[in-house]
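[1] need a structure here:
(chains A and B)
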Number of protein chains: 2
Amino acid sequence: MLTRIFPFLTWSRNYQRSDLTNDLIAAAVVTIMLIPQGMAYAMLAGLPPQAGLYGAIVPLLLYAAFGSSRALAVGPVAVVALMTAAAAGTVAEIGGPDYHLAALWLALLSGAMMLVMGLFRLGFIANFLSHPVISGFITAAGILIAASQLRHLLGADVSGKTLPQVVPSLIASLGDISVLTVALSAAVLGFLFWSRAGLAKLLQKLGMSAPLAKLLGKGALLVAVVASTLAVWGLGLDKMGVAILGDVPRGLPEFGLPAFDLNLITLLLAPALLIAIVGYVESISIAQTLAAKKREAIDPDRELIALGLANLGAGTSNAMPVTGGLSRSIVNYDAGAATPAAGAMTAISIAAALLLLTPLMYFLPRATLAAIIIVAVLSLLDFRALPRIWAYSKADGAAMAATMLVTLLVGVEQGLLAGVGLSLLLYLNRTSRPHMAVVGQVPGTEHFRNVARHRVVTDPKVFSVRVDESLYFPNARALEVRIVRALHETPDLEHVVLQCTAVNYIDASALESLEAINERLSAAGVKFHLSEVKGPVMDRLQRVHFLDELNGQVFLTQFDAMSRLSPELTQGCAQAERCETLIE
Amino acid sequence: MLTRIFPFLTWSRNYQRSDLTNDLIAAAVVTIMLIPQGMAYAMLAGLPPQAGLYGAIVPLLLYAAFGSSRALAVGPVAVVALMTAAAAGTVAEIGGPDYHLAALWLALLSGAMMLVMGLFRLGFIANFLSHPVISGFITAAGILIAASQLRHLLGADVSGKTLPQVVPSLIASLGDISVLTVALSAAVLGFLFWSRAGLAKLLQKLGMSAPLAKLLGKGALLVAVVASTLAVWGLGLDKMGVAILGDVPRGLPEFGLPAFDLNLITLLLAPALLIAIVGYVESISIAQTLAAKKREAIDPDRELIALGLANLGAGTSNAMPVTGGLSRSIVNYDAGAATPAAGAMTAISIAAALLLLTPLMYFLPRATLAAIIIVAVLSLLDFRALPRIWAYSKADGAAMAATMLVTLLVGVEQGLLAGVGLSLLLYLNRTSRPHMAVVGQVPGTEHFRNVARHRVVTDPKVFSVRVDESLYFPNARALEVRIVRALHETPDLEHVVLQCTAVNYIDASALESLEAINERLSAAGVKFHLSEVKGPVMDRLQRVHFLDELNGQVFLTQFDAMSRLSPELTQGCAQAERCETLIE
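    Now for the predicted structure:
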């Protein structure tokens, strides 16, 4: 019982010295990435740099205690940071007093929503997001993130949240570009791109083992940060127009609930839900991929609870919304993280950095952080997905294209909602036309098959139709329409038989459709029968006296139905040779 | 071709003298109901009384030309009038200059949406509304409509759009009640209730034939209107606190597009969509019920086009949103309306009334119109539906209860959206757990069945699972989770076989799930196979090279798959007797 609530009781029992070594190495590598990334994503979210570092302390400790993934690295991530900026920006001025308050409430609300979804096993809500929508959204978000960093990369006042805002602003401020800043950005970007493959190779040439070289290659971020900070400090670039980070408050975050503002909270409910769902989907797919490599299982509801608590921790420790991040999780896994303790150790290192290193960050150029964001975000962009998905399915391609276009042109939340709305519409369109087959008897057998595909015999007085799906509100009307059409087309009709072989469930809407069909057929003097109704479906129908109102009968099998309603046909068909004439 | 666009070309060709008589009688009866109801529903919508009468001219002519139902009576109806009031009230002050403008744009927008839905065959959008949601919504709307008429029935200043607003307002204004108005209301209400059954009986006793008595019974509305108007005029009740209708402008409506206001239009888009969908659902179910009685068919897309044009007509003729109304359609049908020409004749009678009778309406008491609304609305209330639906299905009952509560307590649009959202969520919850069966071989046969239900043999190295549904984004993750769990639970696993017998479609999300499963199984050294893949599904999979990436094979049948992957098992099972030992 206790281990169900606190998963760390399971793994901590068998914790070995080798686990400790592995976890420590992983924590060290992740910390080196996390310090600049945390500050960069805070900047992306429009928050002070320390908010990103705070987001890597309490949330990591809570995830280590409650999470089920051994490799997932939780903390500030780019897409959630962008969504935070979009949502907080609509309710408060960036840099204003309410802006960070809004970000904290976004963390608290999305955390509470994740927690509730996890406790009540509502993780299926994430199924609203189809793969094409999430993939299109993340690529479009990546483009917006890159665009938002132009101001730092160029040292010019480029602003705007969507492409139609950014592009004119970029053109207008081309004259104000700081050449020194651009040079610095280019140097850092060039180094980071080269180091993605080149650094590890160089280290290997210098005699290091391949895995060690690969790990140390991740130190490129640290090299870029240290080198560019030293350059600014040594050459006094900050006095020549290169924007620097400035004071980062030393010490641990303050804890406590942020100021309560009902109006603000109401406005943030919808964006918080989107952040909760996107954060969860991103995180769970990373966790599941990494777990599968070790044949381990991830419990989605437990993950929701752990991510929810992590965000509640973020909201009460002056941080920002967090979730599992792709690049750091892969690094964590590759570095050999053995247990979630690696995350806790990362948190402690970040806390130590906050206590000791913040004065050294004063001269860190913002352009370096922007370059780090750009490099991280490039891995999100997948321009080949759209043509691939379009080729596979036009409907999915359309949902993806709509998500991307609306995100880029109108905004992040609108894009996500447009994608979800359109994919639900397309799904509903497809599902509202269930497969229905008019059936006839296979001569000489007791089998009934689709008249369009098989050589079968039918009786013009009896219309037998099989629905190959459960009957739900999205498809309830379709059956009504089909039977009314049959009524209209068949002047001699006396009986309608609904073969329910594939019907596992009939919801209240479909029940009313059946009642309406019964009523309409009665009005036209036609009997309505059911055949092959499954047990649980039958129980439910009996509960509401539908069967008493039914003007026809319920038959165990379709053959029973036809034997009673059209004995000439079934008897004739018993001998296959006589049947040939019936087929005419 | 022409008859497809103008359905009236079909019926007008065979138009006979008897049709003319029937249509004229029906038009006369409907006109008598429509004059007071039209003005009453305009009052309900917060519009001047003539808006309701205008709504019974151009829209009826357009529906007669383009509609496919012979009995549907289009015009102002209660629920749509309430929705109009709710939407217009959020963007303009009732009685203010923009209020009627908002109502006209609601008609134009919802008309345009219906037209587009009809032309592009998007009628399935109405499937978003499940029966329990629409039924709960209409009952709750009926209660709100009745509450909104309290001010006219009591002659006191009772205001508010939701129960939490109306109830305190009612209590506060109890002291201001006009006794004369209450007496008048009670008299009219009493007469109308009695006349629903009593009047026809009385007329029969006076020697009339039953059908004629029933028809003339519908004249009770006219009697109430005339008698109460005469009472007010004769006794000078208007000077004693009884509110009267006042001037109704004489003559036909002015035509033309209302003033264009982009801001207003943007705000009205969402409510217009709700009005379009509710109006369509209400109308189509009436039309289909009446058509079924004569074995006629209704074309839903054609109905959307006709209702769309009717609303565009309403928006350009100073009227209000319209749709097919239940009570008038039944009266129209019972009175023997033979063709849509009855609707056109009704329109002409209403136009004549506007030219000739408006001065006589000056002293018509508002309480009479309110009483007419109350009587009409009582037929909408169905309090027994909730317990009945709850007994049948908790999920549907919950959606219905949520719709009713939110409508009554928060508002009309919110209630509808809450119901749609909740029923979609519950549907998605159910559909996100597709039926999956782990299958094994039935000894001595080539058949494979659910291991949980049949005595079958399996090989611990091979995990065979059958999904009994198409693979879509709502259920895509479920398969992934199931297979990852099997991987976790079965240490000896070497092969996973997905039996696709029931899979008619795989969308892009499910394709990515299959790719993820393939990747995860590969990472764990397990082969992933498919069996019994249908032709069209196979074609699609080939288009995206999924089959090249698949680390296993595609087998024609499940038996082929097992013969290859577990020859010991299938060969052993060929002889049923040997199989018994395998089952252990």
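
[2] pLDDT below threshold where in the stretch 1-150 of chain A?
    Low-confidence segments of the stretch 1-150 of chain A, defined by pLDDT under 70: A:1.

[3] in the stretch 451-584 of chain A, which spans are strands?
    Under the criterion DSSP state E, counting those that start in this stretch, the stretch 451-584 of chain A contains strands at A:462-467, A:495-499, A:527-531, A:554-555.

[4] mean confidence for the last one?
    When pLDDT is averaged along strand A:554-555, the result is 94.

[5] check which helices and strands that strand is in contact with.
    Here strand A:554-555 touches strand A:527-531, going by 3 or more Cβ pairs under 8 Å, 6 or more residues apart in numbering or on different chains; DSSP states H and E. Placement of C-beta: from N, CA and C, glycine included.

[6] could you check the angle the strand it packs on makes with strand A:495-499?
    Here strand A:527-531 runs at 20 degrees with respect to strand A:495-499, directions being taken by axes from the mean of the first three to the mean of the last three Cα atoms, to 10 degrees.

[7] quick check: closest non-adjacent residue to A:Ala88.
    Computed as Cβ to Cβ, 6 or more residues apart in numbering or on different chains, the closest residue to A:Ala88 that is not its neighbour in sequence is A:Ala102, at 3.9 Å.

[8] quick one: the one you found is in a helix?
    Yes: the assignment for A:Ala102, made by DSSP: H, G, I helix; E, B strand; the rest coil, places it in a helix.

[9] just to revisit the earlier point, return the most buried member of the strands of the stretch 451-584 of chain A.
    Ranked by mean neighbour count, the strands of the stretch 451-584 of chain A are led by strand A:495-499 with a mean of 24 (mean count of other Cβ atoms under 10 Å in any protein chain shown).

[10] re the thing from before, just send the strands of the stretch 451-584 of chain A back as JSON lines, with distance to A:Gly440 too.
    Putting the strands of the stretch 451-584 of chain A into JSON lines (distance: least, Cβ to Cβ, whole Å) gives the following:
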{"stretch": "strand A:462-467", "distance to A:Gly440": "7"}
{"stretch": "strand A:495-499", "distance to A:Gly440": "11"}
{"stretch": "strand A:527-531", "distance to A:Gly440": "14"}
{"stretch": "strand A:554-555", "distance to A:Gly440": "16"}
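
[11] and stretch A:185-200, C-alpha only, in CSV?
    C-alpha atoms of stretch A:185-200 as CSV (Å, rounded to 0.1, in the frame of the first residue of the first chain):
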residue,chain,number,x,y,z
SER,A,185,25.2,34.9,-31.3
ALA,A,186,26.8,33.6,-34.4
ALA,A,187,29.9,32.4,-32.5
VAL,A,188,27.9,30.7,-29.8
LEU,A,189,25.4,29.1,-32.3
GLY,A,190,28.3,28.0,-34.5
PHE,A,191,30.1,26.4,-31.6
LEU,A,192,27.0,24.7,-30.3
PHE,A,193,26.1,23.2,-33.7
TRP,A,194,29.6,22.0,-34.2
SER,A,195,29.8,20.5,-30.8
ARG,A,196,26.7,18.4,-31.3
ALA,A,197,28.8,16.0,-33.3
GLY,A,198,32.3,17.5,-33.5
LEU,A,199,33.1,17.9,-29.8
ALA,A,200,32.6,14.2,-28.9
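
[12] quick one: buried residues of that stretch?
    Buried residues in stretch A:185-200, counted by 16 or more other Cβ atoms under 10 Å in any protein chain shown: A:185, A:187-189, A:191-192, A:195, A:199-200.

[13] contacts for it next, please.
    Here stretch A:185-200 makes contact (Cβ atoms under 8 Å, 6 or more residues apart in numbering or on different chains) with A:152-154, A:210, A:213-214, A:216-217, A:220-221, A:223-224, A:227-228, A:367-368, A:370-372, A:374-375.

[14] quick check: mean pLDDT of stretch A:489-504?
    88.

[15] and it, how far from the chain's centre?
    Centroid displacement of stretch A:489-504 relative to its chain, using Cα atoms, centre = their mean, to the nearest Å, is 42 Å.

[16] what sits up against it?
    Contacts of stretch A:489-504 (Cβ under 8 Å, 6+ apart): A:439, A:448, A:460-471, A:479, A:483, A:486-487, A:514, A:517, A:521, A:524, A:526-534, A:536-537, A:552, A:555, A:558, A:561-562, A:565, B:435.

[17] how long is it end to end?
    29 Å (Cα to Cα, to the nearest Å).

[18] right, is the helix or strand where A:Tyr427 lies up against chain B?
    Counting by DSSP states H and E, the element that carries A:Tyr427 is helix A:412-431. Yes: against chain B, helix A:412-431 shows contacts by Cβ under 8 Å from any Cβ of the partner chain at A:423-425, A:427-431.

[19] could you point out which element follows that helix?
    Note on helix A:412-431: by DSSP H and E, the next helix or strand toward the C-terminus is strand A:436-441.

[20] that older thread, can you select the buried ones among the contacts of stretch A:185-200 for me in ChimeraX?
    Remark: buried members of the contacts of stretch A:185-200, expressed as a ChimeraX selection using 16+ other Cβ under 10 Å:
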select /A:152,153,154,213,214,216,217,220,221,223,224,228,367,368,370,371,372,374,375
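
[21] in helices, which of the contacts of stretch A:185-200 appear?
    Among the contacts of stretch A:185-200, the members falling in helices (DSSP state H) are A:152-154, A:210, A:213-214, A:216-217, A:220-221, A:223-224, A:227-228, A:367-368, A:370-372, A:374-375.

[22] same for chain B: which of the residues you listed are within range?
    Of the ones in helices among the contacts of stretch A:185-200, not one also sits near chain B (Cβ under 8 Å from any Cβ).

[23] now the buried residues of stretch A:185-200 as TSV including pLDDT and secondary structure?
    Listed next are these as TSV, based on pLDDT from 0 to 100; DSSP: H, G, I helix; E, B strand; the rest coil:
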residue	pLDDT	secondary structure
A:Ser185	95	helix
A:Ala187	95	helix
A:Val188	94	helix
A:Leu189	94	helix
A:Phe191	92	helix
A:Leu192	90	helix
A:Ser195	85	helix
A:Leu199	79	helix
A:Ala200	77	helix
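
[24] domain map for chain A?
    Domain segmentation of chain A under automatic domain parsing yields A:17-424, A:436-583.

[25] list the residues that contact the residue nearest to A:Ala385 when sequence neighbours are not counted.
    Distances taken as Cβ to Cβ, 6+ apart place A:Ser135 nearest to A:Ala385, at 5.0 Å, with adjacent residues excluded. Residues near A:Ser135 by Cβ under 8 Å, 6+ apart: A:382, A:385, A:389, A:400.

[26] using the three-state scheme, assign A:Ser135.
    A:Ser135 is classified as helix under three-state DSSP.

[27] taking helix A:412-431 as reference, get the angle to the helix or strand containing A:Leu264.
    Here A:Leu264, judged by DSSP H and E, is contained in helix A:262-293. If you take the same axes, to 10 degrees, helix A:262-293 sits at 60 degrees to helix A:412-431.

[28] could you point out the helix or strand that follows helix A:262-293?
    helix A:300-315.

[29] identify the residues contacting the most centrally placed residue in chain A.
    With distances taken as Cα atoms, centre = their mean, A:Val281 lies nearest the centre of chain A, 3.3 Å away. The neighbours of A:Val281, taking Cβ under 8 Å, 6+ apart as the test, are A:126, A:129, A:134.
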